[in-house]
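> got a sequence here, can you model it:
(chains A and B)
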Amino acid sequence: MSARVVEDVWRRESPHVLAALLHRYGDLGDCEDAAQEAAEAAARQWDHDGVPENPRGWLIRVASRRLIDRVRADGARTGRENALSAALPVDALLSPAADQAPRDEGDDTLRLSLLCCHPSLSRSSQVALTLHAVGGLSTAQIAAAYLVPERTMTQRLTRARSTLRTAGAVFGLPAPADLPARIAAVLDVCHLMFTEGHTRSTGDALVDSPLAEEAIRLTRQLHAVVPDHDEVAGALALMLLTHARAAARTENGDLVPLAEQDRSRWDHRRIAEGVRILERVLPRGHVGRFQLQAAIAAVHAEAGSGEETDWRQITLLYAMLARVAPSPVVTLNQAVALGMAFGPEHGLALIGPLLDDPAMRRHHRTHAVRAHLLEMSGDLPGALESYRQAAGLTASQPEQRYLNGRIRRLDPR
Amino acid sequence: MVKYVLMIHSNPQPWGHPTSDYLPEYQVMSKEQLERLNADFETMLGELREKGELLGGEALGAPESSRLYRWSDGKPLVTDGPYSEAKEHLAGFFLIDVESQARAEEIAARFAGPGETVELRPAMWPGGSDQ
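Model (predicted):
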């Protein structure tokens, strides 16, 4: 039996194993350590004996024993043993619910996600913890996805767990009034994970990050738990529709802009799924930013070619997005849509004020969009100047190569 | 997460680390002031490490110890440093990995000290947006 099989089982079962431990003893750090030891034991033992009939029960049993040992061992030092023995009926962990109805799996995932995305943590800690605890990724895998040394990621995770401990974060559902905001935080984390993964997936470039796939998996789980949450549905649709373009968005490591992508390489199964989710959720009335962004992605996905894109429809959607979630970046995208639908001067008029915003003036996309619109309007020297500014400001290698290419084309010297 | 390099440009006389021990701006300070600045700096480094934001860093040797390799007549031409005639030289660098540009700027401001210039530059990354 391969390590791959054990890893797959672990990825599937880890949130439930952790949830079972957390139900009885709330410290995420201790529970994760114990669960990790159980996973290592599984890798050794299942190799000989095969995967047990009830892998989850096996993992919970082994992890529980490790947890008790661990807490007893450092109980004297930390005084945490009392907390455990108070919370723990003697046999509670060792005979995990064999005779009880199985707990609700979705509930495990939701509670664990909420704990990992606790408001006391920074976004980056929330992301790392969620990938580790809910996604079942190893510290080494997360470190690789974020291109940092494993030791750095270990420190980030350790610090996050101790912050949770200090904040007194508990494994459970928040008050109903707080739930929407807490779910929104989980959603932000999934979306951040997705963006980081998707915008880095440059085909054969260094690391083909598993982050985007993982973000889709987690959002899918969240969607299954709260199917009526419109924005969770919207975010899932957005990720599916965006990631459907992954295969076509790079060529030999170079970025291919949307308009020039080979649309036959888009993943049409994912597009269909994203559109289906969107069609179910949009008529419900409440329209949030993820749904609107997904709707925009759907308009792009449904165009047979760049020229056939319904830019007027996209302009309307961006106008709605600008009302629901206004931001300079939305204004920038709105300017592109306006320029494509009604002519470059309409887009340029919208960009003007952004150049007075100190943050946007230093953002490469402001100048890149301006350059495109100026080029469309026939002002080539102006376009060249803006392309140069954009190329100087971006920290993305493919984007810099792309912008330098435009500069060479306009000014072949 | 975004990676940035913090470059510390300085001109300690004689060249040495920590650079603050060899800068005139620090020599006029009281002992208490110096100790507080040093303690603040150590606290900040500890915080960056603990948060997993500090990826690494090195203090560099004197500019005079550098060797410069230039291409000339189809082969490398080697001369002794320093690289530039500028008053300040690259004295050391830190590599950080942070949540946002705002956080990087906040850290850079805390690295700033009398007699030195801290340069914050984003590291290039291999991805990009297709829109």
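
> where in the chain is pLDDT low?
The chain I'm using is chain A. Within chain A, the stretches with pLDDT under 70 are A:1-2, A:75-104, A:201-209.

> could you find the closest non-adjacent residue to residue A:210?
Nearest non-adjacent residue to residue A:210, counting by CB to CB, 6 or more residues apart in numbering or on different chains: residue A:145, 6.2 Å away. For every residue, glycine as well, the C-beta is placed using N, CA and C.

> could you list the residues of chain B in contact with chain A?
B:1-3, B:49-52, B:54-56, B:97-99, B:122-131 (CB under 8 Å from any CB of the partner chain).

> report the buried members of those residues.
B:1-3, B:51-52, B:54-55, B:97-99, B:125-128, B:130-131 (16 or more other CB atoms under 10 Å in any protein chain shown).

> narrow those residues to those in strands?
B:2-3, B:54-55, B:97-98 (DSSP state E).

> max pairwise distance over these: which two?
B:2 and B:54 (14.1 Å; CB to CB).

> all strands of chain A, in order?
Under DSSP E, chain A gives strands at A:250-251, A:254-255.

> most tightly packed of those strands?
For the strands of chain A, the largest average neighbour count (mean count of other CB atoms under 10 Å in any protein chain shown) is found in strand A:254-255, namely a mean of 20.

> helices and strands around that strand, which ones?
helix A:397-410 (3 or more CB pairs under 8 Å, 6 or more residues apart in numbering or on different chains; DSSP states H and E).

> is the helix it packs on in proximity to chain B?
Yes. Counting by CB under 8 Å from any CB, chain B is contacted by helix A:397-410 at A:397-400, A:402.

> and that helix, how far from the chain's centre?
29 Å (CA atoms, centre = their mean, to the nearest Å).

> buried residues in it, which are they?
Buried, per 16+ other CB under 10 Å, within helix A:397-410: A:397-400, A:402-403, A:406-407.

> try stretch A:275-289
A:275, A:277-278, A:281-282, A:287-289.

> again, but for stretch A:32-51
A:32-39, A:41-42, A:46, A:51.

> all helices of the stretch 201-350 of chain A, in order?
For the stretch 201-350 of chain A, the helices defined by DSSP state H, counting those that start in this stretch cover A:211-225, A:230-243, A:268-281, A:289-302, A:311-324, A:328-342, A:344-351.

> distance between stretch A:241-257 and the chain's centre?
On CA atoms, centre = their mean, the centre of stretch A:241-257 falls 18 Å from that of its chain.

> I figured residue A:13 hits residue A:59, correct?
Yes. Here residue A:13 reaches residue A:59: they are 5.9 Å apart, a contact under CB atoms under 8 Å.

> show me which of these two is the more surrounded one.
residue A:59 (26 against 22; other CB atoms under 10 Å in any protein chain shown).

> so the more buried one versus chain B, what's the distance?
Applying CB to the nearest CB, to the nearest Å, the value for residue A:59 to chain B is 28 Å.

> and the gap between the residue in the stretch 1-150 of chain A that chain B sits nearest to and residue A:62?
In the stretch 1-150 of chain A, no residue comes nearer to chain B than residue A:124, which is 4.8 Å away by CB to the nearest CB. For residue A:124, the distance to residue A:62 equals 31 Å [CB to CB, to the nearest Å].

> look at those two and report which has more neighbours.
residue A:124 (23 against 20).

> which residue, other than its chain neighbours, is closest to the more buried one?
Leaving out its chain neighbours, the residue that sits closest to residue A:124 by CB to CB, 6+ apart is residue B:99, at 4.8 Å.

> pLDDT score assigned to the one you found?
Looking at residue B:99, its pLDDT stands at 91.

> likewise for the one 10 residues further on?
The predicted local confidence for residue B:109 comes out at a pLDDT of 96.

> which ones are touching it?
Residue B:109 makes contact with no residue, according to CB atoms under 8 Å, 6 or more residues apart in numbering or on different chains.

> one more time with 10 Å
B:118, B:120 (CB atoms under 10 Å, 6 or more residues apart in numbering or on different chains).

> okay, it and residue B:34: tell me how far apart.
20 Å.

> next: residue B:4.
Residue B:4 is 28 Å from residue B:34, by CB to CB.

> the more surrounded of those two?
The neighbour comparison of residue B:4 against residue B:34 (other CB under 10 Å) goes to residue B:4, with 23 against 14.

> in the longest helix anywhere in chain B, what's buried?
Ranked by residue count and defined by DSSP state H, the top helix of chain B is helix B:31-50. Neighbour counts over helix B:31-50 (16+ other CB under 10 Å) mark residue B:48 as buried.
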